[in-house]
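Trainee: Sequence first, predicted model second:
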Amino acid sequence: MHGTTIIAVRREGVTAIAGDGQVTLGQTVLKVGAVKVRRLEVGGGILVGFAGAVADALTLLEKFEGALGGARGNLQRAAIETAKLWRTDRVLRNLEAMLLLADAQTLLLLSGNGEVLSPDEPVLAVGSGGPYALSAAKALLRYSSLSAPEIAQQAIVIAGETDLYTSGNPTVLSVGEGS
């Protein structure tokens with residue numbers, strides 16, 4: 001199965017995360033409305049998007065939410081604790097997924113290698129259309145006055161024009177000032 005593009009963008013105190021909902025099996029589109037971005041209740045305003053095997057991603061999301069509760073809503077500390085667990089647990093170690101984690105100040109990528117990465121620029125993307133969405137978002141950040149949610153939405157649309165596994169029909173969530 002292929003077919004997820006997730007992007008997170010931060011601009012002017014607002015963070016947006018967008019994900020397309022297309023799921024494909026081989027050359028067949030199975031679904032276009034899957035929701036792979038969520039707003040978490042724990043931590044007040046944490047957004048997450050996931051790519052990879054859905055069951056694996058949901059398992060990791062559950063582990064992250066548990067760590068987030070233990071870290072009292074601290075995104076970075078919860079991400080590090082989840083990465084430690086991911087690397088050391090024999091079952092979790094084999095999960096094939098990535099999580100994009102965001103709040104109004106922070107963007108993080110939690111990878112299957114147990115890495116917690118923070119980007120140099122206020123944008124991150126994963127999935128089959130991730131490189132296309134990332135390039136589009138960087139250009140829009142540099143050369144437009146669009147808001148973070150608008151950039152995230154347009155980045156998915158643009159990725160969908162190039163990547164066969166991206167529908168170009170995003171779900172967009174945002175957090176921060178005035179969102």
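Mentor: It's in. Numbers count the residues shown, from 1 in each chain.
Trainee: any low-confidence regions in this structure?
Mentor: 1-3, 42-44, 89-95, 112, 178-179 (pLDDT under 70).
Trainee: quick one, strands of it?
Mentor: Taking DSSP state E, the strands of the chain run over residues 5-11, 14-20, 23-25, 28-31, 37-40, 46-52, 97-102, 107-110, 116-117, 123-127, 170-176.
Trainee: which parts of the helix ranked longest in the chain are buried?
Mentor: Looking across the chain with DSSP state H, the single longest helix is helix 54-70. Of all the residues in helix 54-70, those buried under the rule 16 or more other CB atoms under 10 Å are Asp56, Ala57, Thr59, Leu60, Leu61, Lys63, Phe64, Glu65, Ala67, Leu68. Every residue, glycine included, has its C-beta placed from N, CA and C.
Trainee: sorry, back to before: which stretch among the strands of the chain comes nearest Trp86?
Mentor: Judged by CB to CB, the one of the strands of the chain that comes nearest to Trp86 is strand 107-110, at 7.7 Å.
Trainee: Could I get the CA-only coordinates of that closest one as CSV?
Mentor: Provided in CSV are the C-alpha atoms of strand 107-110 (Å, rounded to 0.1, in the frame of the first residue of the first chain):
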residue,chain,number,x,y,z
LEU,A,107,7.8,20.7,14.4
LEU,A,108,9.2,17.2,14.9
LEU,A,109,9.6,14.1,12.8
LEU,A,110,9.6,10.9,14.7
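Trainee: That strand - contacts with which helices or strands?
Mentor: Strand 107-110 makes packing contacts with helix 75-88, strand 97-102, strand 116-117, strand 123-127 when contacts are defined by 3 or more CB pairs under 8 Å, 6 or more residues apart in numbering; DSSP states H and E.
Trainee: Tell me the strands beside the third one, with direction?
Mentor: The strands beside strand 116-117 in its sheet (DSSP bridges) come out as strand 107-110 (antiparallel).
Trainee: now the partner strand, how far from the chain's geometric center?
Mentor: For strand 107-110, the gap between its own C-alpha mean and the chain's C-alpha mean amounts to 8 Å (CA atoms, centre = their mean, to the nearest Å).
Trainee: Residues touching it, excluding its own?
Mentor: By CB atoms under 8 Å, 6 or more residues apart in numbering, the list of residues contacting strand 107-110 from outside reads 8, 10, 15, 60, 64, 75-76, 79, 82-83, 86, 98-102, 115-119, 122-124, 126.
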